[in-house]
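Visitor: Predicted model follows, preceded by the sequence.
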Amino acid sequence: MDNKQTEKIKAMTEGGLILSLVMEEAVKKAQVGVSGLEIEELVVNLMKKHGVEPSFKKVKGYRYATCVCINDTVVHGVPTSYQFQKNDIVGIDIGVYHKGYHTDMSWSKVIETGLPDEETRKRKKFLGVGYQTLLLAIDQVIKNNRVGNISQAIEQNIKKNGLSIVKQLVGHAVGEKLHEFPQIPGILHKPLKETPLLTSGMTLAVEIIYAQKKADIVYKNADGWTIVTSDGSFAGLFETTVAILENETKIITPFGGLLKEPGFDIIS
């Protein structure tokens with residue numbers, strides 16, 4: 001890697017660690033009776049405390065630091081005053097801008113209270129597939145592999161578990177811009193060798209965007225952002241930023257649930 005790539009990864013590692021800390025607090029905050037706007041307020045305050053900027057506020061027309069996705073919301077959920085209820089699936093998506101570079105991550109959880117019931121277990125199993133798929137996708141982020149290797153790993157595991165990939169939404173490279181090329185689809189839609197080569201110095205936001213039933217999506221309400229499943233079935237979202245080095249893949253956003261036991265229970 002050249003000096004610019006080295007400096008990029010150093011800055012993104014710093015920003016990614018802060019993002020991970022912010023995300024963990026946001027996910028812990030998501031409990032019965034808490035709203036998306038309260039998650040938003042917490043995240044904004046934590047970013048100020050750590051001296052970083054919200055990446056999402058740099059997206060034209062979007063004025064929040066977070067996206068908060070509830071149940072059938074797939075991505076881009078605008079935070080509202082709705083208070084989370086037992087068994088809601090809540091996905092939190094946050095980006096951090098630090099020293100000229102973005103990092104991006106998402107996490108989903110089931111809101112629990114009291115003893116888990118059948119629906120709790122069903123939804124936690126659904127999210128467990130997304131978490132497992134993220135780890136399988138990260139395993140394919142290796143120098144000289146291809147984007148198609150990541151896509152194939154995502155597609156195979158989601159389909160094996162009887163779930164659906166949201167084809168219109170993709171992961172992406174990330175760095176000076178929040179969304180860069182190459183894109184990382186959740187399906188292998190062309191021969192693997194025709195997909196982009198993974199090279200040292202690349203930084204990627206690997207995303208698992210999937211649904212319980214059909215993966216058709218529509219915009220909800222009139223906010224211009226919130227995307228939901230067309231059949232009302234629930235959706236899941238897991239994302240982390242990784243960097244490809246000469247001899248290893250480095251997780252830039254090392255959230256508690258990645259590669260070690262989660263700090264809270266997501267899988268029964």
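Guide: In hand now; what should we look at? Numbers count the residues shown, from 1 in each chain.
Visitor: So A211 sits against S164, correct?
Guide: Yes - counting by C-beta atoms under 8 Å, A211 does reach S164; the two are 4.8 Å apart. For glycine as for every other residue, the C-beta is placed from the backbone atoms N, C-alpha and C.
Visitor: Looking at those two, which one has more neighbours?
Guide: Using other C-beta atoms under 10 Å as the criterion, A211 and S164 rank with A211 on top: 24 against 18.
Visitor: Backbone dihedrals for the more buried one, please?
Guide: Phi and psi for A211, reported as degrees, to the nearest 10, are phi -140, psi 160.
Visitor: mind checking how far it is from L169?
Guide: Distance, A211 to L169, by C-beta to C-beta, to the nearest Å: 11 Å.
Visitor: repeat for N87
Guide: For N87, the distance to L169 - C-beta to C-beta - is 24 Å.
Visitor: In contact with A222, which residues are there?
Guide: Residues near A222 by C-beta atoms under 8 Å, 6 or more residues apart in numbering: none.
Visitor: all helices of the protein, in order?
Guide: Secondary structure of the chain (DSSP state H): helices at 3-29, 36-50, 118-139, 147-160.
Visitor: With distance to T103 and mean neighbour count as extra columns, can I get these in a markdown table?
Guide: Shown next, in a markdown table, are the helices of the chain (distance: least, C-beta to C-beta, whole Å; neighbours: other C-beta atoms under 10 Å):
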| stretch | distance to T103 | mean neighbour count |
| --- | --- | --- |
| helix 3-29 | 4 | 19 |
| helix 36-50 | 12 | 18 |
| helix 118-139 | 15 | 18 |
| helix 147-160 | 18 | 21 |
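Visitor: Pull the number of nearby residues for D117.
Guide: 11.
Visitor: what does V166 give?
Guide: 25.
Visitor: Quick check: it touching K213?
Guide: No - with contact defined as C-beta under 8 Å, V166 does not reach K213; the gap is 11.6 Å.
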